[in-house]
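Chemist: Predicted model, plus sequence, below.
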Amino acid sequence: MLIDKFGRNINYLRIAVTDRCNLRCNYCMPENQHFVEREQLLTYEEIIRLVALLSEHGISKVRVTGGEPFVRKDISSLLKNLGSIENIKQVSITTNGVLTFSHIADLIAAGIKNVNLSLDTLKRDKFLQLTHRGDFLKVLNSFHALLANDFNVKLNMVVMGSNINEILDFVELTKALPVSVRFIEEMPFNGQGHAYSGLEWNYTKILSHIETKYKLYKEQDPANAIAVHYKPEGHMGSIAVIPAFSRTLCGSCNRLRITATGGVRTCLYGNEVLNVRDLMRNGVDDVRLLEEIQNAVYNKPMDGFTAAASAKAKVPESMSLIGG
Ligand SMILES: Nc1nc2c(ncn2[C@@H]2O[C@H](COP(=O)(O)OP(=O)(O)OP(=O)(O)O)[C@@H](O)[C@H]2O)c(=O)[nH]1
Ligand SMILES: C[S@@+](CC[C@H](N)C(=O)[O-])C[C@H]1O[C@@H](n2cnc3c(N)ncnc32)[C@H](O)[C@@H]1O
Ligand code: SF4
Ligand code: SF4
């Protein structure tokens with residue numbers, strides 16, 4: 001088992017498979033983002049070795065993220081191999097939707113049912129402003145194709161100054177579509193080289209705003225959720241808010257992160273505490289590899305504030321290497 005010193009059972013692994021991306025979301029990465037060399041990325045063999053090992057010690061859910069997972073070559077083979085690891089009960093993916101449409105058959109073949117799609121606006125011109133790319137229609141296409149193929153789709157919308165006037169439109173989307181829209185507090189991982197300007201809309205403000213138009217019923221939150229879930233009255237879908245910056249749900253955190261370059265992060269807000277790529281490339285055996293990871297997990301910070309306080313001062317990183 002992977003247990004930390006506060007007794008939290010870590011069973012959810014998030015793996016960033018690349019730091020590269022075909023969008024440039026304002027809150028995540030600048031236009032001139034520097035990407036790591038291909039050789040620095042974990043190979044698929046290394047990823048499979050890690051997941052297979054950790055699956056024997058409590059990891060049962062894996063999320064593939066990035067950067068944009070679908071820009072990495074032959075991602076379908078990785079997804080399929082992850083899905084066939086015996087103790088992995090769920091493989092999920094977080095994607096920006098630009099290339100997802102053409103991979104739907106691969107997702108089905110890999111047994112993936114849960115797709116989280118990031119979309120911060122329902123307007124084509126605004127999409128261009130927010131992402132610096134004009135792929136809005138491709139994302140919409142992917143969204144509808146995923147729903148048509150019965151995927152469980154969650155839409156991730158990062159709430160920032162420029163899209164607050166669309167919060168209610170996103171709630172409206174849940175009226176006739178079986179989708180969960182999640183409103184996310186913006187976090188300081190923008191890779192912009194300037195400090196984070198601060199959170200304007202926290203989860204309570206987002207909820208109060210939604211309640212000006214919709215009657216919300218509290219839904220039961222799944223175990224270890226980092227979101228608070230609600231059902232708007234009469235809607236087919238549901239909504240949730242993710243207090244990603246307020247960090248109110250750390251007490252039940254079950255997450256472990258591996259960055260695209262093999263860094264182990266036991267909290268999103270903390271530093272890399274171990275590098276498993278380097279260990280593996282130096283010939284570590286599974287027993288020692290597991291011990292190192294267990295030790296890192298044991299010392300997982302109590303919450304995102306403790307983690308941030310002890311993290312080295314640095315220019316805000318881009319979320320793309322960490323995977324969100
Ligand atoms: N503070 C904080 N934010 C997180 C954590 N996990 C995910 N997020 C943020 O929540 C947003 C949605 O993340 P996703 O990649 O869709 O993953 P998820 O919320 O774990 O997805 P589910 O498994 O469907 O619940 C992103 O902005 C993440 O950065 C976490 O452990 N702590
Ligand atoms: C880093 S992205 C990687 C996967 C994929 N490229 C995508 O956008 O879905 C994972 C999630 O992190 C979120 N994210 C990125 N930067 C963020 C920030 N500064 N604050 C809050 N969420 C952020 C994105 O909106 C996305 O939902
Ligand atoms: S949030 Fe996702 S889509 Fe946007 S720049 Fe970051 S990695 Fe790319
Ligand atoms: S901030 Fe850190 S401890 Fe809190 S939920 Fe996120 S990863 Fe877990």
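Modeler: Arrived safely. Numbering: from 1, shown residues only. Ligands and ions are numbered 1, 2, ... in the order given.

Chemist: Get me the contact residues on the stretch 151-300 of the chain for ligand 4.
Modeler: 226, 247, 249-250, 253, 255, 267-269 (Cβ under 6 Å from any ligand atom). Every residue, glycine included, has its C-beta placed from N, CA and C.

Chemist: Adding pLDDT and distance to N149, write these out as JSON lines.
Modeler: Shown next, in JSON lines, are these (pLDDT from 0 to 100; distance: Cβ to Cβ, whole Å):
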{"residue": "I226", "pLDDT": "95", "distance to N149": "26"}
{"residue": "R247", "pLDDT": "97", "distance to N149": "35"}
{"residue": "L249", "pLDDT": "97", "distance to N149": "31"}
{"residue": "C250", "pLDDT": "98", "distance to N149": "35"}
{"residue": "C253", "pLDDT": "98", "distance to N149": "31"}
{"residue": "R255", "pLDDT": "98", "distance to N149": "28"}
{"residue": "C267", "pLDDT": "97", "distance to N149": "35"}
{"residue": "L268", "pLDDT": "96", "distance to N149": "31"}
{"residue": "Y269", "pLDDT": "95", "distance to N149": "35"}
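
Chemist: Please produce TSV containing these, extended by secondary structure and distance to G323.
Modeler: What follows is those, written out as TSV (DSSP: H, G, I helix; E, B strand; the rest coil; distance: Cβ to Cβ, whole Å):
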residue	secondary structure	distance to G323
I226	coil	14
R247	coil	17
L249	coil	18
C250	helix	18
C253	coil	15
R255	strand	10
C267	coil	13
L268	coil	9
Y269	coil	14
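
Chemist: Whichever of those end up buried, select them in PyMOL.
Modeler: Of those, the buried ones go into a single PyMOL selection, burial set by 16 or more other Cβ atoms under 10 Å:
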select buried, resi 226+247+249+250+253+255+267+268+269
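
Chemist: so which of the residues of the stretch 151-300 of the chain next to ligand 4 also contact ligand 1?
Modeler: Within these, those near ligand 1 by Cβ under 6 Å from any ligand atom are 226, 247, 253, 255, 268.

Chemist: isn't the fourth one right next to R14, touching?
Modeler: Okay, so that is R255. Yes: judged on Cβ atoms under 8 Å, R255 makes contact with R14 at a distance of 6.2 Å.

Chemist: What residues does F101 make contact with?
Modeler: Neighbouring residues of F101 by Cβ atoms under 8 Å, 6 or more residues apart in numbering: 138, 141-142, 145.

Chemist: cool, K80 as well?
Modeler: Counting by Cβ under 8 Å, 6+ apart, K80 touches 106, 109-110.

Chemist: before we move on, what about L79?
Modeler: Contact analysis of L79 by Cβ under 8 Å, 6+ apart lists 64, 91, 93, 106-107, 110, 112.

Chemist: Surely it is in a strand?
Modeler: No: counting by DSSP: H, G, I helix; E, B strand; the rest coil, L79 falls outside a strand, being helix.

Chemist: ok, now how distant is it from ligand 3?
Modeler: Here L79 is placed at a distance of 18 Å from ligand 3 (Cβ to the nearest ligand atom, to the nearest Å).

Chemist: Run through the residues that contact the closest residue to N275 other than its chain neighbours.
Modeler: Leaving aside its sequence neighbours, N275 sits nearest to G262 (Cβ to Cβ, 6 or more residues apart in numbering; 5.1 Å). By Cβ under 8 Å, 6+ apart, the contact set of G262 is 42, 46, 275-278, 280.

Chemist: Taking the stretch 201-324 of the chain, what residue is nearest to ligand 3?
Modeler: The minimum distance from the stretch 201-324 of the chain to ligand 3, using Cβ to the nearest ligand atom, falls at S320 (4.3 Å).

Chemist: confidence score at that residue?
Modeler: For S320, the pLDDT comes out at 94.

Chemist: Any chance of the backbone angles for it?
Modeler: Dihedral angles of S320 (phi, psi; degrees, to the nearest 10) stand at phi -70, psi -30.

Chemist: What is the burial count for it?
Modeler: 27 (other Cβ atoms under 10 Å).

Chemist: So it sits against C28, correct?
Modeler: Yes: between S320 and C28 there is a contact at 6.0 Å, judged by Cβ under 8 Å.

Chemist: Name the residues contacting each of those two.
Modeler: Applying Cβ under 8 Å, 6+ apart, one finds that S320 and C28 are jointly contacted by 21, 191.

Chemist: where does this structure dip in pLDDT?
Modeler: Counting by pLDDT under 70, the chain has low-confidence residues at 193-195, 313-315.
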